[in-house]
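Novice: Fold the following, please.
(one chain, ligands or ions: 1)
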Amino acid sequence: MRKLLLIEDEPNFARFVELELEHEGFEVTAVHNGREGFLLASGQEWDLILLDLMLPGLSGIEICRRLRSQRNKTPIIMLTARNSVMDRVSGLDSGADDYLPKPFEIEELLARIRALFRRVDPSEDEENEKIEFLDLQVYVGSRTVKRDGEELSFTKREFDLLVVLLRNANNVLSRDQLLDLVWGFESEAETNVVDVYVRYIRQKLGGGDKYIQTVRGVGYVMKG
Ligand code: CA
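Specialist: Numbers count the residues shown, from 1 in each chain. Sure thing, here's the model as predicted:
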């Protein structure tokens, strides 16, 4: 079971995140103070640290900096209400692996956690992962897409976008979320690139919007 440390001073929010993550099968330890959080973060082995930026005792940035200066490489996702470019930059400069502004949908946090674990340890579950959706079969490890048994050819980016949509089936993802998850949140790409790639994927899959539906003003969803 993967062990997560959640350092977040807002107790109701921390409790909510903790319950959701436990529901997903993670073992979660939550602390509400920066200093205590740092001691736990540096003193024990964790698979992931979720770190609030504004904390009593010691700030998220400072915790991150200190851990990295101790050569602690535990993956860190920063959670914060602040979302200025400066905060994003200082969060990343301090050594965080990803950055998620509040408020966020829990599905997005879970998607980021999965993405981070795949980056850290790509062999883990991706190798044999098979996703089925309507008449599609997607083999993540071999990057193969079949429709009704017939193999279809996808570029790397098209495939990555398709897999993100499939893994979040029935959840609407905004263009910004898709851009972050597929192109990387430091990417300079514009959100309309998402529309372009959705069009490519639809052309290859056929069936118009049978697989990927547009949610006007929001983004896209695969509804199964
Ligand atoms: Ca806070």
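
Novice: What strand or helix carries the residue nearest the centre of the chain?
Specialist: Geometric centre of the chain, nearest residue: Arg112, 1.0 Å, by CA atoms, centre = their mean. Using DSSP states H and E, Arg112 falls within helix 106-120.

Novice: and the closest residue to Ala169 other than its chain neighbours, what pLDDT?
Specialist: Distances taken as CB to CB, 6 or more residues apart in numbering put Met222 closest to Ala169, at 4.8 Å, once the chain neighbours are dropped. All C-beta spots, glycine's among them, are computed from the backbone N, C-alpha and C. Model confidence at Met222, given as pLDDT, is 96.

Novice: any idea how far the ion is from Met222?
Specialist: Met222 is 34 Å from the ion, where distance means CB to the ion, to the nearest Å.

Novice: Can you report how many residues neighbour that residue?
Specialist: Using other CB atoms under 10 Å, Met222 has 22 neighbouring residues.

Novice: List the contacts of the helix holding Arg112.
Specialist: Residues outside helix 106-120 that contact it (CB atoms under 8 Å, 6 or more residues apart in numbering) are 2, 16-17, 20-21, 24, 47-48, 50, 75, 77, 79, 97-98, 100, 124, 126, 164, 167-168, 171, 173, 177, 181.

Novice: Out of the residues you listed, which end up buried?
Specialist: Buried subset of the contacts of helix 106-120 (neighbour count, 16 or more other CB atoms under 10 Å): 17, 21, 47-48, 50, 75, 77, 79, 97-98, 100, 164, 167-168, 171, 173, 177, 181.

Novice: Narrow those to those in helices?
Specialist: Those of those mapping onto helices are 17, 21, 164, 167, 177, per DSSP state H.

Novice: nearest to Ile131, of the residues you listed?
Specialist: For these, the minimum distance to Ile131 (CB to CB) is 7.1 Å, reached by Arg167.

Novice: Show the pLDDT at that closest one.
Specialist: Looking at Arg167, its pLDDT is 90.

Novice: can I assume it is in contact with Val138?
Specialist: No. With contact defined as CB atoms under 8 Å, Arg167 does not count as touching Val138 (9.8 Å).

Novice: who touches both of those two?
Specialist: Shared contacts of Arg167 and Val138, defined by CB under 8 Å, 6+ apart, comprise Ile131.

Novice: Break the chain down into its domains, please.
Specialist: By the assignment in automatic domain parsing, the chain contains the domains 3-120, 124-222.

Novice: tell me the most buried of these?
Specialist: Each of the domains of the chain was scored by mean neighbour count; the highest is domain 3-120, a mean of 17, by mean count of other CB atoms under 10 Å.

Novice: mind checking the end-to-end distance for that one?
Specialist: Using CA to CA, to the nearest Å, one end of domain 3-120 lies 15 Å from the other.

Novice: Next one: it, is it in contact with the ion?
Specialist: Yes. Using CB under 5 Å from the ion, domain 3-120 reaches the ion at 9, 52, 54.

Novice: And Phe13, how far from Val194?
Specialist: Here Phe13 is placed at a distance of 29 Å from Val194 (CB to CB, to the nearest Å).

Novice: Check which helix or strand the nearest residue to Asn33 once chain neighbours are set aside maps to.
Specialist: Using CB to CB, 6+ apart and skipping the chain neighbours, the partner closest in space to Asn33 is Gly57 (4.6 Å). Here Gly57 is covered by no helix or strand, with elements defined by DSSP H and E.
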